[in-house]
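**Q** Below: sequence and its predicted model.
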Amino acid sequence: MNYYKFKTPEKFYLYDVHTNHILRMEQSLWQHIGSRVNKSIHIEDDVDEELLVKIRDLQNNYGILPKKPPPSEIQNPICDDHMIDHLSSKLQYLTLNVTEQCNFRCVYCAYGDCYQSKRKHSTIHMSWRVAKKAVDFFLERSIQARDISVGFYGGEPLIVYNLIRRTVKYIQSRTSRDISYHLTTNGSLLTEKIIKFLIEHKFTINISLDGPEHIHDRYRLTVGQHPTYEKIIENIKLIQSIDMIYYRKKVGFLPTMAPPYDLFAIVNYFADEEIFTNGTLRFSLVNEYDTTFYSRFNMKQMSRIYSKQIVILKKKYISFFRNPPDNTSDQRMFTVLTKFFSGSYIRLHHRPLLPLSGTCYPNGICIPGMRKIFITINGDICMCEKLENAWVIGNIYDGFNIQNISELINRYVKICSSQRCEKCWARRICDLCFTSMFNGNQVSPERKHSDCVIKKRSLASYIREYCYIMEKNPEAFKGTKISG
């Protein structure tokens with residue numbers, strides 16, 4: 001389909017795939033554009049001459065709703081030579097998996113007993129030899145990158161704080177460039193000494209905190225199955241007491257939402273408490289694939305509860321564009337809901353308004369290694385932490401495996417082609433990535449199809465809601481940018 005018709009409570013719209021434009025239309029014109037799938041636009045037979053002139057004007061003068069849309073074939077978006085050139089000098093983000101050890105045993109953890117194909121918790125740490133070689137590998141291949149970042153991941157990375165400190169010191173000895181440092185942590189091992197080090201080097205800290213105590217402590221437990229909330233809050237307050245300005249700018253949170261769902265309690269917690277300020281607040285769900293975690297629940301019932309709560313919260317979020325928050329409480333609620341919902345709207349707002357060529361590239365995938373590389377404890381290079389070991393794209397000793405990278409992209413393209421993605425109305429705004437083709441560590445066309453159905457339904461809602469928001473506030477997303 002080369003267009004998609006939809007309406008808000010007040011207006012009528014058509015999304016034109018060819019130009020990526022969203023058109024607000026008169027109801028009479030909107031009604032006479034057929035909604036069934038065709039190779040080219042279908043005009044209802046009883047359209048009058050005046051409306052036909054308007055449609056032809058869109059086609060002839062603006063390139064919208066072309067009579068004969070260009071053929072669209074899904075292809076690999078990059079040639080090997082371009083890939084080699086980029087990977088040799090323009091790397092942007094290095095993540096070091098510095099340990100597989102963790103002092104928590106979160107029930108839903110991807111490295112716990114609920115996931116069969118993921119690595120398991122161990123006591124293995126990254127050696128200094130691997131960390132040093134990974135830094136050398138990255139710095140030698142990022143000389144033309146404008147900004148570069150280094151992140152530390154686990155397990156719980158602060159278990160090997162001395163390795164982190166030594167790595168940062170080594171990076172500073174190797175380059176005078178301004179490096180952005182990032183740490184993903186459960187927050188339990190933060191001490192005054194560690195916090196001052198993180199502040200000194202301007203680390204961005206993302207702490208896993210699921211919300212209020214009764215929700216957080218359901219699943220986020222220590223190895224000995226003890227609750228963890230009080231210790232994390234104690235350490236958060238310690239950061240605040242040492243440097244509140246740093247805390248407000250650099251400390252964020254990663255809540256994981258799990259059944260039984262109470263999204264209202266989670267959102268209200270981050271809106272009401274003085275825990276969250278302006279940092280990261282990235283909500284996520286427990287990965288539903290290759291896991292036994294959900295088997296303990298009636299998931300049909302849980303999914304209905306989750307969907308109802310999402311609808312209510314989204315209505316609250318959208319209502320703020322009609323009636324802007326005028327008090328501190330509402331302003332904080334709007335900030336939290338913006339973190340929850342705005343990503344998809346922002347991506348729609350910044351979509352490129354360019355004519356479609358005869359080639360259709362998978363819209364949501366990265367080129368593995370081009371922006372981010374994830375280094376395992378033994379020096380393998382993976383795309384990111386989400387696909388650790390699912391598809392290795394090289395190692396720090398031999399470099400990138402261009403053949404593996406190309407094969408991965410070609411496998412994805414083949415799946416997209418077999419599922420006729422080039423015919424989908426959402427193909428230019430879809431953000432499904434490589435994670436959608438893996439079930440555990442296995443390539444799964446079935447998972448890709450399942451994610452596709454869900455994504456298309458989601459995008460239909462988001463594009464309608466985006467237009468409704470813009471009706472109420474045309475500057476709603478002014479000054480925003482797509483997050484990496």
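**A** Arrived safely, thanks for sending. All values reported here derive from a predicted model rather than from experimental measurement.
**Q** Who are the contact partners of S418?
**A** P445 (C-beta atoms under 8 Å, 6 or more residues apart in numbering). Glycine gets a C-beta too; all of them are placed from N, C-alpha and C.
**Q** where's it relative to M437, distance?
**A** If you measure S418 against M437 using C-beta to C-beta, to the nearest Å, the figure is 11 Å.
**Q** between these two, what contacts are shared?
**A** P445.
**Q** Flag the shaky bits of the stretch 251-400 of the chain, pLDDT-wise.
**A** The model of the stretch 251-400 of the chain has pLDDT under 70 over residues 358.
**Q** pLDDT wise, what is P69 at?
**A** pLDDT, P69: 60.
**Q** likewise L51?
**A** Confidence score, pLDDT, at L51: 67.
**Q** Same question for S149.
**A** Per the predicted model, pLDDT is 97 at S149.
**Q** can you list the residues that contact the helix or strand that contains Y269?
**A** Here Y269, judged by DSSP states H and E, is contained in helix 263-272. With contact meaning C-beta under 8 Å, 6+ apart, helix 263-272 is reached by 210-212, 215, 253, 255, 257, 275-276, 281, 283, 306, 309-310, 312-313, 329, 332-333, 335-337, 340.
**Q** Among those residues, which lie within helices?
**A** Among the contacts of helix 263-272, the members falling in helices (DSSP state H) are 215, 306, 309-310, 312-313, 329, 332-333, 335-337, 340.
**Q** And the residues you listed, which two are furthest apart?
**A** Y306 and S329 (25.1 Å; C-beta to C-beta).
**Q** who's more crowded, those two?
**A** A direct count of neighbours by other C-beta atoms under 10 Å for Y306 and S329 places Y306 higher, at 18 against 10.
**Q** residues contacting that one?
**A** Here Y306 is in contact with 257, 259, 261, 263 (C-beta under 8 Å, 6+ apart).
**Q** Go again with 6 Å.
**A** Neighbour list for Y306: Y261 [criterion: C-beta atoms under 6 Å, 6 or more residues apart in numbering].
**Q** what does A131 give?
**A** T167.
**Q** that's a helix at it, yeah?
**A** Yes - residue state for A131 (DSSP: H, G, I helix; E, B strand; the rest coil) corresponds to a helix.
**Q** Please report how far it lies from T95.
**A** Here A131 is placed at a distance of 12 Å from T95 (C-beta to C-beta).
**Q** What segments of the stretch 101-250 of the chain are helices?
**A** Using DSSP state H, counting those that start in this stretch, the helices assigned to the stretch 101-250 of the chain run over residues 128-140, 161-174, 192-200, 213-219, 229-242, 244-250.
**Q** Quick one: mean pLDDT over the top helix by length along the chain.
**A** Determined from DSSP H, the single longest helix within the chain is helix 445-472. The average pLDDT within helix 445-472 is 95.
**Q** just stretch 16-23 next, same as before
**A** 88.
**Q** Doesn't R24 belong to a strand?
**A** Yes - membership of R24 in a strand is supported by three-state DSSP.
**Q** Ramachandran coordinates for T95?
**A** Backbone geometry at T95, expressed as degrees, to the nearest 10, gives phi -120, psi 130.
**Q** pretty sure it contacts G154?
**A** No - T95 lies out of contact with G154 (C-beta atoms under 6 Å); the separation is 10.8 Å.
**Q** Where does I381 sit: helix, strand or coil?
**A** Classified using three-state DSSP, I381 is strand.
**Q** how near is it to F400?
**A** Relative to F400, and taking C-beta to C-beta, I381 is found at 7 Å.
**Q** One more: T376?
**A** From T376 to F400 the distance is 15 Å (C-beta to C-beta).
**Q** Point out where the stretch 101-250 of the chain drops to low pLDDT.
**A** Using pLDDT under 70, nothing in the stretch 101-250 of the chain is flagged.
**Q** before we move on, which element is K5 in?
**A** strand 3-7.
**Q** next SSE after that strand?
**A** Remark: after strand 3-7, the chain's next helix or strand is strand 12-16, criterion DSSP H and E.
**Q** Strand partners (parallel or antiparallel) of that next one?
**A** Applying DSSP bridges, strand 12-16 is found paired with strand 3-7 (antiparallel), strand 21-25 (antiparallel).
**Q** K120: which of the ones you listed is closest?
**A** strand 3-7 (44.4 Å).
**Q** Give the buried residues for the closest one.
**A** Taking 16 or more other C-beta atoms under 10 Å as the neighbour-count basis, strand 3-7 is seen to contain the buried residues 3-6.
**Q** can you list contacts of it?
**A** With C-beta under 6 Å, 6+ apart, strand 3-7 has contacts from 13-16, 35, 425, 464.
**Q** How far off centre is that strand?
**A** From the chain centre to the centre of strand 3-7 is a distance of 26 Å (C-alpha atoms, centre = their mean, to the nearest Å).
**Q** Stretch 82-92 too?
**A** 23 Å.
**Q** Return it as PDB; C-alpha atoms alone will do.
**A** Taking C-alpha atoms only, stretch 82-92 is exported to PDB below (Å, rounded to 0.1, in the frame of the first residue of the first chain):
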ATOM      1  CA  HIS A  82      31.600   2.000   2.400                       C
ATOM      2  CA  MET A  83      31.300  -0.200   5.400                       C
ATOM      3  CA  ILE A  84      35.000  -0.900   5.600                       C
ATOM      4  CA  ASP A  85      35.700   2.900   5.300                       C
ATOM      5  CA  HIS A  86      33.400   3.700   8.100                       C
ATOM      6  CA  LEU A  87      34.500   0.900  10.400                       C
ATOM      7  CA  SER A  88      38.100   1.900  10.000                       C
ATOM      8  CA  SER A  89      37.900   5.500  11.300                       C
ATOM      9  CA  LYS A  90      34.400   6.500  12.400                       C
ATOM     10  CA  LEU A  91      33.400   4.400  15.400                       C
ATOM     11  CA  GLN A  92      31.400   6.300  17.900                       C
END
